[in-house]
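**Q** sequence and predicted structure below; questions after.
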There are 2 protein chains.
Amino acid sequence: MIFLLGAGGYIGRAFQRHLVRHGVAHRAIRRTELDYSEPSRLLAALRAERPAFLINASGYTGKPNVDGCEDHRAECLFANAVLPARIAEACASAGVPWGHLSSGCIYQGARPDGSGFTELDAPNFCFRAGPCSFYSGTKALGEELLAGYPDVYLWRLRIPFDHVDNPRNYLSKLLRYARLLEARNSITHLADFVPAALSFATLRPAPGIYNFTNPGAVTTREVAAMLAAAGLRRTPFVFFADEAEFLREAVRAPRSNCVLDTAKLLAAGISLPPIHDALRSALARWEPDSPTP
Amino acid sequence: MIFLLGAGGYIGRAFQRHLVRHGVAHRAIRRTELDYSEPSRLLAALRAERPAFLINASGYTGKPNVDGCEDHRAECLFANAVLPARIAEACASAGVPWGHLSSGCIYQGARPDGSGFTELDAPNFCFRAGPCSFYSGTKALGEELLAGYPDVYLWRLRIPFDHVDNPRNYLSKLLRYARLLEARNSITHLADFVPAALSFATLRPAPGIYNFTNPGAVTTREVAAMLAAAGLRRTPFVFFADEAEFLREAVRAPRSNCVLDTAKLLAAGISLPPIHDALRSALARWEPDSPTP
């Protein structure tokens, strides 16, 4: 049986849909029902129900985007750094292995040779190596606080997308933004991520950090061209002249744009489709948003 | 009437003693009695009792010293950054002005000309400008999270001491450590700080950050000589050869040693005795520890 925290969020809902569809025994916990931010309450539930694995899909990402974190810093810091450490304490005490939704948005750019950052590279877009968004700072602090816990997986997603139109879906965002920033990114297809993450519960690779994007990287212009080719956008996309214009006119906090290396994930026996295939797959079965369950 | 949070700590007790001695109406709140980390509960209490001022003397400093914070990062981050922001929300909603115990330990050294850091200097011993201790990182984050709230004073103490022997008292620490590190510091005499901080409730200078040490700076060797001259230490003090030896052999996290400028405090009409006078005053009436009330 699997405990799922944060089942009300974009990624939490994707986990829950998968668990339901595949008949996997689970308990989707919302904080209104069981306040898992209280370590003693979470620990009691873990001891009473003895889940084989826990997934923490809770977190604070800001609405409508990470700029929202700049106005809700305490909530963001609590949800992305303090809370994961409390969950770690409870899981360690109960002996429950678990996975945490971390983020690759604690890097900027790529390695000097253009290759992706590995799990051994220190974050370069965080409080300790700024500038960064407050969101990215808290996610990197969350990773720091989880270091040393024995049985936790830190799954670093980036810019999640899937085939269902939704305000949290990267593809929907590109369709709705007035102007786009050209950048090269590693990104994560939820339809590939969710089953792969769940396989950690049975495969049990070595604990620690895993970059969890589809292999490779894609530019905003490439994705825009695919959206247009799929008939999802009639009018041309408009791009910012450069990042300076983007930062000046469109956003408050700087944004992470980066490439991640996924060799560690592959070495753990977990293979995701290359990013361009994943994008084509999502666009081939594009659906309008469905109501939140 | 004054609300005092964290009345069980070293500085909170000093506030409470002063309030009791001077017959100032107050309510000393411990979290076991009213969980002020829940914004709604604190807000309800503020609205029900309408204090004229609130003092947040709660915080996580680590035991026996800041190295303890390295092992309790989530607790430290919560107490020093998330909690103050929650208090700020409640105080802003209730229209209650308040003072927060910040720390000058978010700086290292002095300005290039040897003068102290002012409130306008960016911290240089924090997550954003490392290396730092985890403690200092969280205190600086706490200051960030309080920026922009309309009616809060951030009082930057450093290395508090008073005339009563106590494990949290800097003078007691020097007497008990096996070896000392020579360094130059601005430090805070609690007997001067507490009434001065309380005067903020009536004087109401401009909100914001105030360096709150006794004016000037003092070296460890100077304080050690004063302790010896006061007859509190029979055997000679032993010093580390240099900071490298200190960091290698005695501590886990790097330590802040710094000089602060106190002109802003003075300009607000609040004058503290020079640090050497304050030290002589504390040593002249040195007392063994008294039991916690």
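**A** On my side now, so go ahead.

**Q** residue closest to the middle of chain A?
**A** A:Leu157 (3.6 Å; CA atoms, centre = their mean).

**Q** and stretch A:105-116, end to end?
**A** 13 Å (CA to CA, to the nearest Å).

**Q** what's the answer for stretch A:248-257, then?
**A** 16 Å.

**Q** doesn't B:Phe78 make contact with A:Phe78?
**A** Yes. Between A:Phe78 and B:Phe78 there is a contact under CB atoms under 8 Å: 7.1 Å. (Glycine included, C-beta is placed from N, CA and C.)

**Q** on that earlier part again, and the pLDDT at the residue nearest to the centre of chain A?
**A** Predicted confidence (pLDDT) at A:Leu157: the value is 98.

**Q** how about the residues of the stretch 101-250 of chain A near chain B?
**A** A:Phe127, A:Arg128, A:Gly130, A:Gly137, A:Leu141, A:Glu144, A:Leu145 (CB under 8 Å from any CB of the partner chain).

**Q** re earlier: show me what contacts the residue nearest to the centre of chain A?
**A** Counting by CB atoms under 8 Å, 6 or more residues apart in numbering or on different chains, A:Leu157 touches A:Ile11, A:Leu101, A:Ser102, A:Ser103, A:Gly104, A:Thr188, A:Phe193, A:Phe212, A:Thr213.

**Q** ranges for the helices of the stretch 1-150 of chain A?
**A** Per DSSP state H, counting those that start in this stretch, the stretch 1-150 of chain A carries helices over the ranges A:10-21, A:39-49, A:67-71, A:73-77, A:83-94, A:134-146.

**Q** tell me the most buried of those?
**A** helix A:134-146 (a mean of 26; mean count of other CB atoms under 10 Å in any protein chain shown).

**Q** what's the following helix or strand after that one?
**A** Later in the chain than helix A:134-146, the nearest helix or strand by DSSP states H and E is strand A:152-157.

**Q** got the angle between that following strand and helix A:134-146?
**A** Here the directions of strand A:152-157 and helix A:134-146 differ by 160 degrees (axes from the mean of the first three to the mean of the last three CA atoms, to 10 degrees).

**Q** the inter-axis angle of strand A:152-157 versus helix A:83-94?
**A** 150 degrees.

**Q** how far does strand A:152-157 sit from the chain's center?
**A** 9 Å (CA atoms, centre = their mean, to the nearest Å).

**Q** likewise for stretch A:254-265?
**A** 11 Å.

**Q** got it, and stretch A:153-164?
**A** The answer for stretch A:153-164 is 4 Å, by CA atoms, centre = their mean.

**Q** picking up where we left off before, which of the contacts of A:Leu157 fall in strands?
**A** A:Leu101, A:Ser102, A:Ser103 (DSSP state E).

**Q** list the contacts of the last one.
**A** Applying CB under 8 Å, 6+ apart, one finds that A:Ser103 lies in contact with A:Ser136, A:Lys139, A:Arg156, A:Leu157, A:Arg158.

**Q** try 7 Å
**A** A:Lys139, A:Arg156, A:Leu157, A:Arg158 (CB atoms under 7 Å, 6 or more residues apart in numbering or on different chains).

**Q** could you report the neighbour count for the nearest residue in space to the second one that is not next to it in sequence?
**A** Once flanking residues are discounted, A:Arg156 sits nearest to A:Gly104: 4.3 Å by CB to CB, 6 or more residues apart in numbering or on different chains. Using other CB atoms under 10 Å in any protein chain shown, A:Gly104 is surrounded by 28 other residues.

**Q** how about the one 4 residues further on?
**A** One way to gauge burial is a neighbour count; for A:Gln108, by other CB under 10 Å, it gives 20.

**Q** sorry, back to before: ok, the residue nearest to A:Arg156 touching A:Leu260?
**A** Yes. Between A:Gly104 and A:Leu260 there is a contact under CB atoms under 7 Å: 4.9 Å.

**Q** from the ones in strands among the contacts of A:Leu157, which single one is nearest chain B?
**A** A:Ser102 (15.6 Å; CB to the nearest CB).

**Q** is the closest one in a bridge, and if so with what?
**A** Bridge pairing for A:Ser102 (DSSP bridges) gives the partners A:Arg156.

**Q** and it, how many neighbours?
**A** Neighbours of A:Ser102 (other CB under 10 Å): 26.

**Q** that one touches A:Thr138, doesn't it?
**A** No. The criterion here is CB under 7 Å, and A:Ser102 misses it with A:Thr138 at 11.0 Å.

**Q** about what we covered before: can I get the helices of the stretch 1-150 of chain A in JSON lines with mean pLDDT?
**A** Below are those laid out as JSON lines (pLDDT from 0 to 100):
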{"stretch": "helix A:10-21", "mean pLDDT": "97"}
{"stretch": "helix A:39-49", "mean pLDDT": "96"}
{"stretch": "helix A:67-71", "mean pLDDT": "92"}
{"stretch": "helix A:73-77", "mean pLDDT": "97"}
{"stretch": "helix A:83-94", "mean pLDDT": "97"}
{"stretch": "helix A:134-146", "mean pLDDT": "98"}
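
**Q** could I get the ones you listed in CSV, plus columns for distance to B:Cys91?
**A** Listed next are those as CSV, based on distance: least, CB to CB, whole Å:
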stretch, distance to B:Cys91
helix A:10-21, 33
helix A:39-49, 27
helix A:67-71, 18
helix A:73-77, 13
helix A:83-94, 24
helix A:134-146, 22
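
**Q** to B:Glu49, which of the ones you listed lies closest?
**A** Proximity to B:Glu49, assessed across the helices of the stretch 1-150 of chain A by CB to CB, is greatest for helix A:73-77 (23.6 Å).

**Q** what residues does the closest one touch?
**A** By CB under 7 Å, 6+ apart, helix A:73-77 touches A:Tyr60, A:Gly62, A:Cys69, A:Phe134, A:Tyr135, A:Thr138, B:Ala81, B:Val82, B:Ala85, B:Arg86, B:Leu145.

**Q** what count of nearby residues applies to A:Pro64?
**A** Neighbours of A:Pro64 using other CB under 10 Å come to 11.

**Q** for chain B, see how far away it is.
**A** Per CB to the nearest CB, to the nearest Å, A:Pro64 is found 21 Å from chain B.

**Q** got the contact list for that residue?
**A** Taking CB under 7 Å, 6+ apart, one finds A:Pro167 in contact with A:Pro64.

**Q** try it again with 6 Å
**A** Contact analysis of A:Pro64 by CB atoms under 6 Å, 6 or more residues apart in numbering or on different chains lists nothing.

**Q** pLDDT value on it, please?
**A** A:Pro64 is given a pLDDT of 85.
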